[in-house]
Each structure stands twice: as structure tokens, then as C-alpha cells.
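In: Predicted structure and sequence below. I'll ask about it afterward.
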Amino acid sequence: MRVLVIGGTGHVGTYMIPRLVHLGHEVIVTSRGQRDPYLPHAAWQQVQRIQIDRAAAEKSGEFGAQMADLQADVVIDMICFTLASAQHIVEALRGKVQHFLHCGTIWAHGPSVEVPTVEEQARHPFGDYGIQKNEIESYLLREARLNGFPATVLMPGHIVGQGWNPLNPAGHFNPAVFETLARGEELALPNLGMETVHHVHADDVAQSFIQAMAHWSGAVGESFHVVSPAAVTLRGYAEAMAAWFGQEPKLTYLPWEEWQTTVTPEEAQATWDHIAHSPNCSIAKGRRVINYQPRYASLQAVQEAVTWLIANGKISV
Ligand SMILES: NC(=O)c1ccc[n+]([C@@H]2O[C@H](COP(=O)([O-])OP(=O)(O)OC[C@H]3O[C@@H](n4cnc5c(N)ncnc54)[C@H](OP(=O)(O)O)[C@@H]3O)[C@@H](O)[C@H]2O)c1
């Protein structure tokens, strides 16, 4: 099939594009051309890469028609962040694609209530990103169920892989936290360290899109969590990473108000965003309907990413 991936050179595209090529698909990737995939792969030689700035093309009203002109059977939209953007592309592709897969997020849920959270649970998203993604998801599922637009929504957790900083045990992205744990030094965590994070390896996210394509009839009109088999607590995550470095964990705990003054404002904001959600999502539906079978547990995924950081001199341990 002819598969168009909008925004396919990033975290997920790095792993998804070689999988699509390997399966024999004719693959087109659009991006601004500002970056290359995190990992080189021979499969990219068989990919048609097209430079289009989505924001600019949407502003001029041309984006939808440009995507439709590429005449893909399947469109994978990795970079849609507003309802208007989703409506624009759906109107352009209506009746022209066999499958439309949107990359959503578990942030569409808002704070966890009954865990593990299932896709159908009542939504209470907060923050512009989660609210918009939830609106896009509702819109796409409604279009699929009422008007036959063949949409599926995949909802990743915190994506990790080789080439970028994974979400760390303090709930932010400063990789120095891993150095602290590797040296056996003290690490302060907010509250009791019992809030949760839910990672997923980027290759498992790629797998979920491929499996949704392969299970079209079950996938259309549905959304699926794409996370590892189990979330981790910040405390458990920090202890496991310290042990992985061969150290006894030295953890201390501070009330949020105090803890946030020990890090930069950006780090505090990232941690707050993660612990206020404290995601813990079920993948039972994905396993059952599209045979999503993640290869990586959360800690395995993070450890692979940290191994890459060490091997590439990004952190020293
Ligand atoms: N990161 C996470 O932990 C996480 C968690 C849950 C859900 N998600 C979802 O994952 C999706 C992002 O996937 P990703 O992490 O693989 O993406 P990514 O690493 O941010 O890569 C973005 C891709 O889109 C291209 N791009 C960015 N801005 C563009 C523009 N204006 N016009 C055209 N191309 C553009 C980039 O290439 P150029 O820069 O060269 O244009 C790149 O190919 C989003 O929908 C997000 O909501 C992410």
C-alpha cells in the first residue's frame, strides 16, 4: 500500500518507517526537512521525502489538498495538535483514504481515577495540549462512527528510545538525574515518590500503528493506549535505576512546595505535568483488538535509552 506519514522523521518515525518499508509498503514522509531520523537505516533510501511546513501550508489553506494529491491509501498523522487542523485534513481526505491513523496521547485523559485507566473512561483533560488532543480524538471517532471516515487513534505514553532524553525518575527530562543515581548520590523526589509515570518504547509505538493497519476492521472508530505493560512509581523507578547502576538508592522526599524550589522552573513544570496526571493505562484493549504486544517493559525501554546516552557521551556515569 501507499502510506503517507506526516511528520515521520521524529521519535516514532525513526522506528516506524523502516518497519513500513520492510513490510513492502511504498512510503512517503513529509516534514520540514529540519532533522533526520535519530537512527540511520537503509530503508530510508526507499522512502520519498517531501518538504512541507504544515503550519505554513495550513495557514494558506493548501495543506489538505497537498496531502490528498499524494494519493496515499493510508495516512498516518503524527503531528496534529488542534481540532481545526484535524478538521482541515479530514475534509481533504474524506472518501480518498482507506485508513487514517492519528497520533493522540494518554494526556487526553487528565488525572488518573480508576486505574489502570481504560480508553472509554470519562475524560477530564487539563492543559491546552491534553484538551486539544481529546477534542481531536472525539471528533475523529465521531467522524468514523457517524460518517464512515476510517480513523483510528493511537495514544502513546512517554515515548523513549535511542537518541533523546527519557523522562527521568524525578519526572522531568534533565539526564543529570541518571548521573546522580549512577554515582550513588542522594536524589530528592516530590511528595512520597508514589506518583506514576507510564513510558513506552518508540518501537512499540511504531508497532501499534502497524498492528492497527493490519487489524483495520477492529481498529477503525477506536482509540488505543500505547504504553508499556505497566506504569512505574517515581520511587520504584529511581530505586530500579540505582540498582541497575550497581548502587544503593539514596532517596529523600520533600513536599511539592519545597521540592519545586530544588530544580529549575522548567524541570518543576515538567514534573508537575507528569505527577498531576500520574498516568497508569491499560493496554488490554490494544492487546485484544489489534494484537498490540509491547516488546519493552518501562524499565527496559528507559535502560536502552540511558545506555545510548552513556555510549554517546551525553551523560557520564
Ligand atoms: N513525545 C512523547 O513522549 C509523546 C507522548 C505522547 C504522545 N505524543 C505524540 O506523538 C506525536 C509526535 O510524534 P514524535 O514524538 O515521533 O514526533 P517528533 O519527534 O516531535 O517529530 C516530529 C516530526 O514532525 C516534523 N515536523 C514538526 N513540525 C512540523 C511542521 N510544522 N511541518 C511539517 N513537519 C513538521 C518533524 O520534522 P522537521 O522538524 O524536520 O519538520 C518530525 O518529522 C504527537 O502527536 C504527540 O502528541 C508524544
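Out: Yep, it's here.
In: neighbours of residue 212, just the number please.
Out: Neighbourhood size, residue 212 [other CB atoms under 10 Å]: 28. (C-beta placed from N, C-alpha, C; glycine too.)
In: Please tell me the pLDDT value assigned to the nearest residue to it once chain neighbours are set aside.
Out: Leaving aside its sequence neighbours, residue 212 sits nearest to residue 219 (CB to CB, 6 or more residues apart in numbering; 4.1 Å). At residue 219, the pLDDT value in this model is 99.
In: Repeat that for residue 103.
Out: With respect to pLDDT, residue 103 has a value of 99.
In: again, but for residue 145
Out: Value listed for residue 145 in the pLDDT field: 98.
In: how about it, phi and psi?
Out: As for residue 145, its main-chain torsions (degrees, to the nearest 10) stand at phi -80, psi -30.
In: what's the span of stretch 117-128 from first residue to last?
Out: 21 Å (CA to CA, to the nearest Å).
In: ok, now stretch 303-317?
Out: Stretch 303-317: ends 13 Å apart by CA to CA.
In: which parts of that stretch are buried?
Out: By 16 or more other CB atoms under 10 Å, the buried positions in stretch 303-317 come out as 303, 304, 305, 306, 308, 309.
In: quick one, strands of the stretch 101-250 of the chain?
Out: Assigned strands in the stretch 101-250 of the chain, in chain order: 151-156, 158-160, 186-190, 196-197, 199-201, 223-226, 232-233, 250-254 (criterion: DSSP state E, counting those that start in this stretch).
In: Buried residues, the last one. List them.
Out: Pointing back at strand 250-254 there. residue 251.
In: who's in contact with the nearest residue to residue 210 once chain neighbours are set aside?
Out: Spatial nearest neighbour of residue 210, chain neighbours left out: residue 19 (5.6 Å); criterion: CB to CB, 6+ apart. By CB atoms under 8 Å, 6 or more residues apart in numbering, the contact list for residue 19 reads 206, 207, 210.
In: on that earlier part again, was I right to think the residue nearest to residue 212 contacts residue 289?
Out: Yes. Shown here, residue 219 and residue 289 form a contact pair, counting by CB atoms under 8 Å, at 6.8 Å.
In: between those two, which one's more packed in?
Out: Neighbour count, other CB under 10 Å: between residue 219 and residue 289, residue 219 has more, with 26 against 16.
In: about what we covered before: just the element for the residue nearest to residue 210, please.
Out: Following DSSP states H and E, one finds residue 19 within helix 11-22.
In: So for the helix or strand just after that helix, what gets flagged as buried?
Out: Sequence-wise, the next helix or strand downstream of helix 11-22 (DSSP H and E) is strand 26-31. Residues 27, 28, 29, 30, 31 are the ones in strand 26-31 that count as buried (16+ other CB under 10 Å).
In: again with stretch 239-255
Out: By neighbour count with 16+ other CB under 10 Å, stretch 239-255 contains the buried residues 239, 240, 241, 242, 244, 245, 247, 249, 251.
In: Taking these, tell me the two that lie furthest apart.
Out: 244 and 251 (14.8 Å; CB to CB).
In: could you dump the buried residues of stretch 239-255 to JSON lines with pLDDT and distance to the ligand?
Out: As requested, the buried residues of stretch 239-255 are exported to JSON lines (pLDDT from 0 to 100; distance: CB to the nearest ligand atom, whole Å):
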{"residue": "239", "pLDDT": "98", "distance to the ligand": "23"}
{"residue": "240", "pLDDT": "98", "distance to the ligand": "20"}
{"residue": "241", "pLDDT": "98", "distance to the ligand": "18"}
{"residue": "242", "pLDDT": "98", "distance to the ligand": "24"}
{"residue": "244", "pLDDT": "98", "distance to the ligand": "21"}
{"residue": "245", "pLDDT": "98", "distance to the ligand": "24"}
{"residue": "247", "pLDDT": "98", "distance to the ligand": "27"}
{"residue": "249", "pLDDT": "96", "distance to the ligand": "25"}
{"residue": "251", "pLDDT": "98", "distance to the ligand": "25"}
